[in-house]
Structure formats: structure tokens, C-alpha cells
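Asker: Here you go, sequence then predicted model.
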Amino acid sequence: MELYYTFSVLIVVSAIFAYLNLRYLKLPATIGIMVMALVSSLFLVSVGRFWPHLFDNAARFIKGANLEEILMGAMLNFLLFAGAIHIHINDLREEKRYVIVFSTISVVLSTLLVGGLMYLALNWLNMGIPFVQCLVFGALISPTDPIAVLGILKAADVPKSLETKIAGESLFNDGVAVVVFLTLLEMAREGETNFSLSTISLLLVKEAIGGLAVGLVLGFIGSKAIKRIDDYKVSVMITLAIVMGGYLLAQAMHISGPLVMVAAGLVVGNYGKTQAMSEVTQDYLEKFWELIDEIMNACLFLLIGFELLLIPDLGKYWEIGLISIVVVLLGRLISIAVPSAIIPFREKLDRQSMIILLWGGLRGGVSVALALSIDEHLNSDLFQAITYFVVVFSLIVQGLTVGKLTQKPKSELVNSVSDHE
């Protein structure tokens with residue numbers, strides 16, 4: 001009953017905010033909902049000084065919702081599958097080198113850069129945070145968030161090749177980031193500072209390769225089952241079973257749940273749609289998962305906005321919060337630029353593409369969920385606060401402006417073509 005109550009409140013508030021945004025604010029749906037949740041959180045905090053019970057009840061509800069489990073255990077699986085079934089495998093194949101490099105090497109490089117710079121910044125501010133804890137923050141904030149990225153890219157006028165690079169990277173980098181994060185978090189818990197590359201590599205292979213393999217098998221089995229019937233209702237149920245059963249299987253096998261969802265979604269969205277489904281089934285399946293995507297996105301960004309209620313004394317972290325925004329952007333830039341400069345790609349990234357990749361690397365629910373899993377004795381309040389600063393800046397500032405970065409080059413291209421003629 002408690003779970004039903006939680007989701008009921010989330011759906012009701014999300015629906016109200018979605019309506020108000022569409023009617024008045026007219027922002028991208030996810031950002032508009034989060035902005036209203038932020039404003040509501042600030043209102044509750046302010047009013048709570050005079051009517052403490054109002055703030056306490058709201059904060060108690062958010063705490064009781066177990067955001068970490070809801071974000072990583074439920075929403076992320078549905079959203080990743082919904083995003084993956086709309087990715088064309090041929091587009092992804094053309095950008096496979098970029099996707100592989102940006103979702104592995106770049107994530108690890110960014111973790112080290114952000115962790116190192118945050119260690120220097122925190123010690124400069126006399127906070128004295130251990131280096132391994134700074135690396136934990138680097139790991140949780142380095143991966144771009146697939147939900148935020150896919151949601152914003154829908155509304156942004158980003159060139160197709162760049163959209164595939166950003167979307168593909170964000171879909172696959174969770175497997176690497178979560179393994180690195182969990183390894184570093186365990187080291188921080190034990191006070192261990194000796195890095196075992198072999199241990200991390202074995203965990204990464206097990207989580208990532210195992211997750212991809214299981215996802216491919218589930219997607220293929222589900223597509224074959226759909227092919228033998230011609231009923232859109234049962235077909236939709238099969239895809240739901242892939243997502244929900246796949247998560248349980250990933251938990252039992254200790255492999256990457258996110259990568260299971262991505263691999264299964266890619267198979268169903270490409271092989272399943274073209275080889276196993278009638279046009280009627282395809283239409284219903286796409287509409288169903290589009291609806292699931294919209295509902296889950298609304299609830300996710302609502303929770304991100306209300307997370308403000310869980311961070312005590314957020315105001316005292318504003319200085320390191322602003323520094324962390326710059327550090328994360330710098331780490332993102334270097335982690336893209338260095339591999340692009342030294343690894344032989346079919347084509348090199350130009351300056352404009354680099355800027356869009358930098359600005360389009362949004363952080364969201366994944367980073368929030370990982371930050372919420374940090375133990376209290378490992379300075380969780382600090383890292384949750386600076387994660388919140390980065391996520392809010394990323395979603396609102398970067399999310400609202402990334403589409404505008406593509407407008408100038410297009411106009412210049414038109415002018416250059418007309419001049420040539």
C-alpha cells in the first residue's frame with residue numbers, strides 16, 4: 001500500500017506540473033516539471049520556518065520514497081529500454097568508435113580528472129576531504145545521463161551524427177561508471193587507497209560484457225516470441241516482461257542492469273520491429289513505450305526537483321558547488337578532446353562538434369541516485385549537495401541552450417552556399 005501511495009502522489013503531482021508547464025511555461029516537459037518542483041521545494045523550505053509540519057511532511061515523503069531504489073531499480077530500466085528501442089542500429093554502427101571510446105576511456109579519464117581537481121579545490125577551501133572520496137564523486141558525476149540526454153535531444157535541433165554520438169555514449173556509459181563508482185566507494189568505506197587495476201577490470205568485464213550478452217539474448221528471445229504471434233497486447237506484455245524480468249535476472253547474476261536494458265531494447269527496436277512485428281503491433285508498441293517514457297521522465301525530474309528537501313544546509317555549499325560545475329565541464333572537455341586527438345577516428349571532431357558534445361553531456365537521475373547511495377560517514381551531505389548543483393545547472397542551463405548551439409553553423413552554412421552560388 002505504501003508503494004501505491006508513493007506512486008499515486010508522484011503521478012498526480014507530475015500530471016499537475018506537466019499541465020501547468022504546457023499551459024503557461026511552455027518549457028521542455030522534463031525541465032518545466034523540474035523547475036516547478038524546485039520552486040515548490042524552495043517554497044516549502046521557506047514556509048517551513050513558520051509551519052514546520054508542512055516542510056516535515058513533504059521531506060518525510062521524499063525520504064520514504066527511497067529515491068535511490070526508485071531511480072536505479074525501477075525508472076532507469078524502463079527509460080533505458082524505451083530510449084534504446086528508438087535507436088537505429090545502422091546509425092549507431094556508423095558512430096561505434098566514438099560511442100565505445102566516449103563510454104569507456106572518456107568516463108575513466110573524466111573520473112580521474114574531476115576527482116583530482118575536486119581534491120585540490122576542497123583542500124583549498126580547508127575541507128580536508130580524502131582523495132579516494134573525491135574520486136567517488138568523479139565517478140558518479142562523469143557519466144552523461146541517458147534519460148536527461150534523450151529527453152533533451154528530442155527537442156534540440158542537433159545534427160544526426162552528433163545526436164547518435166551523444167545518445168549512444170549516454171546509453172552505454174552507465175555500465176562502466178557504476179562499476180568504477182562501486183569499486184571506489186568500497187575502497188572509501190574500507191579506507192583502502194591501493195588501486196587494483198585487475199580487480200576493476202574483472203568487475204568491468206563481468207558487469208558490462210555479461211549485461212550486454214544477457215540483454216542480447218533476452219531481446220532475441222522476446223523478438224522470436226513476438227514473431228510467432230500477431231497480437232499487439234501480448235507483444236507489449238512480452239516487452240514488459242523483458243524489462244522487469246531482465247532487471248531481476250541482472251540482480252541475481254550481479255551484472256549491469258542498465259546494459260541489459262540497452263542491449264535488449266536495441267534488439268527489439270531493430271530486429272524485432274523489422275522481422276517480427278506487423279505494422280499494427282509496431283504502432284502500438286511505439287506508442288506504449290513513448291507513453292511510459294513520458295510518465296517516467298515526468299516522475300524522475302519531479303523527484304530531482306524535490307531532492308532539494310533532502311539536502312540539509314544546501315546554502316553553505318554554494319561556493320564548492322559553483323566550483324564543481326566548472327570542474328565537471330573542464331573534465332568533460334578534456335575527456336573528449338584527448339581521445340579525439342590521439343585515437344584515429346574516421347573523421348576528426350571540429351570545434352563546433354566538440355562544443356556540442358561538451359554542452360550536451362547532461363547529468364541527471366543516474367548521478368543523483370549514485371550520490372544518494374554514499375554512506376553518511378563519507379561526507380554524503382557534501383557530495384549530494386555538489387551533485388545537486390551540477391545536475392540542476394546541467395539540466396536547466398545546458399538543457400535549455402544546447403539546441404541553440406546548432407543554429408549558428410546552419411545559418412553560416414546556408415550563407416556560404418549562397419555566396420558560392
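Answerer: Right, received. Where do you want to start? Numbers count the residues shown, from 1 in each chain.
Asker: tell me the pLDDT at the residue minimising distance to the centre of the chain?
Answerer: In the chain, the centroid-proximal residue (CA atoms, centre = their mean) is Asp145; its distance is 1.9 Å. The per-residue pLDDT reported for Asp145 equals 83.
Asker: Spatially nearest residue to it (excluding sequence neighbours)?
Answerer: Distance criterion CB to CB, 6 or more residues apart in numbering; nearest residue to Asp145, sequence neighbours excluded, is Gly364 at 3.5 Å. To be clear about C-beta, it is placed using only N, CA and C from the backbone, and glycine gets the same treatment.
Asker: Check His88 too.
Answerer: Leaving aside its sequence neighbours, His88 sits nearest to Asn270 (CB to CB, 6+ apart; 6.9 Å).
Asker: So the one you found is in contact with Ile89, correct?
Answerer: Yes - counting by CB atoms under 8 Å, Asn270 does reach Ile89; the two are 4.4 Å apart.
Asker: Tell me how far the top helix by length along the chain lies from the chain's centre.
Answerer: Longest helix in the chain by number of residues (criterion: DSSP state H): helix 160-190. In this view, helix 160-190 has its centroid 9 Å away from the chain centroid, taken as CA atoms, centre = their mean, to the nearest Å.
Asker: which of Asn270 and Ile89 has more neighbours?
Answerer: Shown here are Asn270 and Ile89; by other CB atoms under 10 Å, Asn270 has more neighbours (19 against 14).
Asker: Next, that one: secondary structure please.
Answerer: helix (DSSP: H, G, I helix; E, B strand; the rest coil).
Asker: tell me the pLDDT at it?
Answerer: You'll see Asn270 listed with a pLDDT of 94.
Asker: From Ile33, how far out is it?
Answerer: For Asn270, the distance to Ile33 equals 31 Å [CB to CB, to the nearest Å].
Asker: And for Leu171?
Answerer: Separation of Leu171 from Ile33 (CB to CB): 22 Å.
Asker: what's in contact with the helix or strand hosting Val236?
Answerer: Using DSSP states H and E, Val236 maps to helix 232-253. Outside helix 232-253, the residues that touch it by CB atoms under 8 Å, 6 or more residues apart in numbering are 73, 77-78, 81, 210-211, 214-215, 218-219, 222, 225-226, 229, 256-257, 260-261, 264, 268, 277, 280-281, 283-285, 288-289.
Asker: which residues touch Leu266?
Answerer: Contacts of Leu266 (CB under 8 Å, 6+ apart): 84-85, 87, 89, 92, 215, 219.
Asker: Please, a ChimeraX command that selects the buried ones among these?
Answerer: To isolate the buried members of the contacts of Leu266 in ChimeraX, using 16 or more other CB atoms under 10 Å:
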select :84,85,87,92,215,219
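Asker: With secondary structure, distance to Lys154 and pLDDT as extra columns, can I get the contacts of Leu266 in TSV?
Answerer: Below are those laid out as TSV (DSSP: H, G, I helix; E, B strand; the rest coil; distance: CB to CB, whole Å; pLDDT from 0 to 100):
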residue	secondary structure	distance to Lys154	pLDDT
Ala84	helix	14	91
Ile85	coil	14	92
Ile87	coil	13	87
Ile89	helix	19	90
Leu92	helix	17	88
Gly215	helix	23	96
Gly219	helix	23	96
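Asker: What residues sit buried inside stretch 338-350?
Answerer: Neighbour-count burial for stretch 338-350, counted by 16+ other CB under 10 Å, picks out 339-340, 349.
Asker: Now render the contacts of Leu266 as TSV, adding distance to Asn297.
Answerer: Output for these, formatted as TSV (distance: CB to CB, whole Å):
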residue	distance to Asn297
Ala84	15
Ile85	15
Ile87	17
Ile89	24
Leu92	22
Gly215	22
Gly219	22
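Asker: closest to Tyr19 among the contacts of Leu266?
Answerer: Nearest to Tyr19 among those: Ile85, at 27.3 Å, using CB to CB.
Asker: which residues does the residue lying closest to the closest one once chain neighbours are set aside contact?
Answerer: In space, and not counting its chain neighbours, Ile85 is closest to Gly269: 3.2 Å by CB to CB, 6+ apart. For Gly269, the contact set (CB under 8 Å, 6+ apart) comprises 84-87, 89.
Asker: Of the residues you listed, which is the nearest to Gly64?
Answerer: Using CB to CB, these come closest to Gly64 at Ala84, 31.2 Å.
Asker: Return the residues in contact with the closest one.
Answerer: 171, 261-266, 269.
Asker: change it to 6 Å
Answerer: Residues near Ala84 by CB atoms under 6 Å, 6 or more residues apart in numbering: 262, 265-266.
Asker: For it, give its distance to Trp289.
Answerer: 10 Å.
Asker: cool, and Ala276?
Answerer: 16 Å.
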